[in-house]
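**Q** Make a model of this:
(one chain, ligands or ions: 3)
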Amino acid sequence: MNNIQPYIKEHKDRFVNELIELLKIPSISADSAYKNDVLKTADAVKTSLEKAGCNTVEICKTDGYPIVYGEKIIDKNLPTVLVYGHYDVQPPDPLNLWNSPPFEPVIKTTELHPEGAIFARGACDDKGQMYMHVKAMEFMTTTNQLPCNVKFMIEGEEEVGSSNLAIFVKNNQEKLKNDVILISDTGMIAKDVPSITTGLRGLSYVEVEVTGPNRDLHSGLYGGAVANPINILAKMIASLHDENNRITIPGFYDKVEELSKAERAEMAKAPFNSENYKKALVIDAVYGETGYTTNERNSIRPTLDVNGIWGGYTGEGAKTVIASKAYAKISMRLVPHQDWVVITKLFTKHFESIAPKGVTVKVKPHHGGQGYVTPIDSLGYQAASKAYHETFGKIPIPQRSGGSIPIVSLFEQELKSKTILMGFGLDSDAIHSPNEHFGIFNYLKGIETIPYFYKYFTELSKY
Ligand code: BES
Ligand code: MN
Ligand code: MN
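**A** Residues are numbered from 1 along each chain as shown. Ligands and ions are numbered 1, 2, ... in the order given. Next up is the predicted model:
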C-alpha cells in the first residue's frame, strides 16, 4: 500500500470532518421518534460509498430500517471481502451526564488521547469504525491499489437485534457471496497493544413481569398481608446467583465449554492491570464468579444481569403504595455452544417455577443470538495479523470479547465464511454510555491498517 501515510496526513482533517457530519444525525434505531434521521443516515452512508468508489450502491428496503449495500467487483477471479457495519446508534440517555450534547460532536483531548478524540453518540460504535472502511476504500480506489473485490453491507438495526438483516442475508446468499467478512465493531487491548477479537458472546434478552394484586394498594392498609410484586421480584432475581456467583438456573452450564489450562494460561498473557481497571471505574473491588479472573469472567464465562428494573412509585417525594406490577429486563451473555433459544427456555421455565403463590409471572423473550469463535489459523486471521504488524510494528494478540454481535454466527451459517473482527475501539471509549468518544489516533490507524488486510488477504489467497 504505497503512500498510505502521506495520503492520511493530507486528508485527515477531511476524514474527521466527514465523520463529524455523519455523527450529527441522531440515528437511534430503538426510538421511532428518530425514524427520519435513521433513514437520512442510510442516505448519507450511500453517498459516502459512492464517493469512495463503489460501482453500485443501493438502499435495500426491509420491514425495518434499510440496509446500505455497495460493491466494487474488479475481477471475478480475485477474492471478495464483505465489510459489515452498522449506522444506527444507541439512545444517548441519560442526557444530563453528557458534557456536550451527544449529536453535536466535539473534539477534545484526554489523558489517553492527546491527539484528540471525537465525542458523540456513535463515534466509536459504530459510525466511526464503519467509516474507517469507507475511507480505506477511498484510499485504495483513488490510488489504484484496490487488490480484490469489495462488498459493503451496512445495516441500521444492529442495536435492536438485526432481525431484518437476518432475513436479508438468508434471501441474498448469491449477492453476498464472499471469501471473508470483515468487521470493525469491537475493541483492542490498548492504543499500543493491537489485538484481534476471536470470540463474541451470545445473548438472550428477556423481560419479566410480576403481578400481584389487581391494583396498586395502600401500603399501610394492605402491607404485610399480600405479596408485594417488587419485593418478590427482587427476591427472585437475587436467587438467580449462588454464593459463588454462579447462575442457579438448572441446565444453564450444561453446554459451557471449559477452556483447558493451556488456553487459560495463553489468555492470561494479555496485559491486564487490576488496579487501573478498578481506578477507571472508581470501584474498590472486582466481583464475579469464584475461580475465574476478570478477563475470564467477561469473555469465556456466561452471565446474567438485570439491565433495568421498575415498578411502583419512583417520582419525587414519597407515596405509600404496594404496586400491582413489577418488571425487569434481564440479559444473559452466553459462550460458544450455549444455544440462546435453549437458554431462553431454561430461564423461562425456572423463573416461572420459583414464583411463590400470590403472584403471577410472565417472561417475554426479546431477542438473542449465538456466540462466535474464530480460529487463528484462517487466511483472514493471518492477513489481519500481518496488517496490524505492518502498522503497529507488533503482532496482535488474539482476544475473546464479552460483547455480542449476534449476526456474526448467522453470517457463518448462511454465507459459509469466517468473520475477522478488526476492532479499533478502547474500553474507555464509553460505548453505550454518556460521553462516548473515539480517539483520532485510533480512527486514523484503522484507516491505515485496513488496506493492508486487503493486500495480505489477496496475496495469501493465491496459495
Ligand atoms: N459493537 C457492539 C458489540 C461489541 C462492542 C462487541 C465491543 C465487542 C466489543 C454492538 O453494537 C453491541 O452493542 N451489541 C449489543 C448486542 C445487540 C443485540 C444489541 C451488545 O453487545 O449488547
Ligand atoms: Mn456496534
Ligand atoms: Mn452497540
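
**Q** Against ligand 1, how distant is Ala234?
**A** For Ala234, the distance to ligand 1 (Cβ to the nearest ligand atom, to the nearest Å) stands at 24 Å. Yep, even glycine has a C-beta here, placed from its N, CA and C like the rest.

**Q** isn't Gln129 right next to Leu182, touching?
**A** No: Gln129 lies out of contact with Leu182 (Cβ atoms under 8 Å); the separation is 11.2 Å.

**Q** Counting neighbours, go ahead and name the busier of the two.
**A** Gln129 (28 against 25; other Cβ atoms under 10 Å).

**Q** ok, the more buried one to ligand 2 distance?
**A** 8 Å (Cβ to the ion, to the nearest Å).

**Q** Likewise for Glu207?
**A** 22 Å.

**Q** Show me what that residue bridges to in the sheet.
**A** Lys329, Lys364 (DSSP bridges).

**Q** burial count for it?
**A** Other residues lying near Glu207 total 15 when counted by other Cβ under 10 Å.

**Q** quick one, what contacts Ile118?
**A** Val16, Leu19, Ile20, Leu23, Pro105, Val106, Ile107, Gly128, His437, Phe438, Ile440, Tyr443 (Cβ atoms under 8 Å, 6 or more residues apart in numbering).

**Q** What is the neighbour count of the closest residue to the last one other than its chain neighbours?
**A** With Cβ to Cβ, 6 or more residues apart in numbering as the measure, Gly128 is the residue that lies nearest to Tyr443, at 5.7 Å, once sequence neighbours are left out. Look at Gly128: counted by other Cβ under 10 Å, it has 32 neighbours.

**Q** what does Ile74 give?
**A** Neighbours of Ile74 using other Cβ under 10 Å come to 14.

**Q** ditto for Glu436
**A** Residues near Glu436, counting by other Cβ under 10 Å: 26.

**Q** Distance check, it against ligand 1.
**A** From Glu436 to ligand 1 the distance is 11 Å (Cβ to the nearest ligand atom).

**Q** list the contacts for that residue?
**A** Pro102, Phe119, Ala120, Arg121, Gly122, Ala123, Cys124, Asp125, Asp429, Ala430.

**Q** shouldn't the third one be in contact with Leu23?
**A** Meaning Ala120. Yes: Ala120 is within contact range of Leu23, at 4.1 Å (criterion: Cβ under 8 Å).

**Q** Please enumerate the shared neighbours of the two.
**A** Phe103, Pro105.

**Q** The two: which has the busier surroundings?
**A** Under the neighbour definition other Cβ under 10 Å, Ala120 and Leu23 were set side by side, and Ala120 has more, 29 against 26.

**Q** what about that one, distance to Val38?
**A** Look at Ala120 and Val38: by Cβ to Cβ, to the nearest Å, they are 16 Å apart.

**Q** cool, and Leu176?
**A** Note on Leu176: its distance to Val38, by Cβ to Cβ, is 22 Å.

**Q** ok, which residues in this structure are in contact with ligand 2?
**A** Asp125, Asp126, Asp185 (Cβ under 5 Å from the ion).

**Q** Lowest-scoring secondary structure element of this protein by mean pLDDT?
**A** None of the helices or strands of the chain scores lower by mean pLDDT, DSSP states H and E than helix 261-267, at a mean of 90.

**Q** Mind giving me the packing neighbours of that helix?
**A** helix 294-297 (3 or more Cβ pairs under 8 Å, 6 or more residues apart in numbering; DSSP states H and E).

**Q** and the next helix or strand after the helix it packs on, anywhere near ligand 1?
**A** The helix or strand immediately downstream of helix 294-297 is strand 303-311, counting by DSSP states H and E. No: for strand 303-311, no contact with ligand 1 is found by Cβ under 6 Å from any ligand atom; the gap never falls below 9.3 Å.

**Q** Quick check, the residue in the stretch 301-450 of the chain closest to ligand 2?
**A** In the stretch 301-450 of the chain, the residue that lies nearest ligand 2 is Ile405 (6.7 Å; Cβ to the ion).

**Q** hang on, the earlier thing: just the buried residues of the contacts of Ile118.
**A** Neighbour-count burial (16 or more other Cβ atoms under 10 Å) applied to the contacts of Ile118 gives Val16, Leu19, Ile20, Leu23, Pro105, Gly128, His437, Phe438, Ile440, Tyr443.

**Q** measure Met132 to ligand 1 for me?
**A** 14 Å.

**Q** Assumed that residue was part of a strand.
**A** No: counting by DSSP: H, G, I helix; E, B strand; the rest coil, Met132 is not found in a strand; it is helix.

**Q** which residues touch the closest residue to it other than its chain neighbours?
**A** Once flanking residues are discounted, Met132 sits nearest to Gly446: 3.7 Å by Cβ to Cβ, 6+ apart. Counting by Cβ under 8 Å, 6+ apart, Gly446 makes contact with Gln129, Met132, Ala136, Ser184, Met422, Phe424.

**Q** could you redo the last one with a cut-off of 7 Å?
**A** Neighbour list for Gly446: Gln129, Met132, Ser184, Phe424 [criterion: Cβ atoms under 7 Å, 6 or more residues apart in numbering].

**Q** what helix or strand does it sit in?
**A** Applying DSSP H and E as the criterion places Gly446 in helix 440-461.

**Q** Could you list the alpha-carbon positions for that helix in PDB?
**A** Presented in PDB, the C-alpha positions along helix 440-461 are these (Å, rounded to 0.1, in the frame of the first residue of the first chain):
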ATOM      1  CA  ILE A 440      -8.500  10.300  16.300                       C
ATOM      2  CA  PHE A 441      -5.300   8.200  16.600                       C
ATOM      3  CA  ASN A 442      -7.500   5.000  16.600                       C
ATOM      4  CA  TYR A 443      -9.600   6.300  13.700                       C
ATOM      5  CA  LEU A 444      -6.700   7.100  11.500                       C
ATOM      6  CA  LYS A 445      -4.800   3.900  12.500                       C
ATOM      7  CA  GLY A 446      -7.800   1.900  11.400                       C
ATOM      8  CA  ILE A 447      -7.900   3.700   8.000                       C
ATOM      9  CA  GLU A 448      -4.200   2.900   7.700                       C
ATOM     10  CA  THR A 449      -4.400  -0.800   8.700                       C
ATOM     11  CA  ILE A 450      -7.500  -1.900   6.800                       C
ATOM     12  CA  PRO A 451      -5.900  -1.600   3.200                       C
ATOM     13  CA  TYR A 452      -3.100  -3.900   4.400                       C
ATOM     14  CA  PHE A 453      -5.800  -6.500   5.300                       C
ATOM     15  CA  TYR A 454      -7.000  -6.400   1.700                       C
ATOM     16  CA  LYS A 455      -3.400  -6.700   0.400                       C
ATOM     17  CA  TYR A 456      -2.400  -9.600   2.500                       C
ATOM     18  CA  PHE A 457      -5.700 -11.400   2.200                       C
ATOM     19  CA  THR A 458      -5.400 -11.300  -1.600                       C
ATOM     20  CA  GLU A 459      -1.800 -12.400  -1.500                       C
ATOM     21  CA  LEU A 460      -2.400 -15.300   0.900                       C
ATOM     22  CA  SER A 461      -5.500 -16.400  -1.100                       C
END
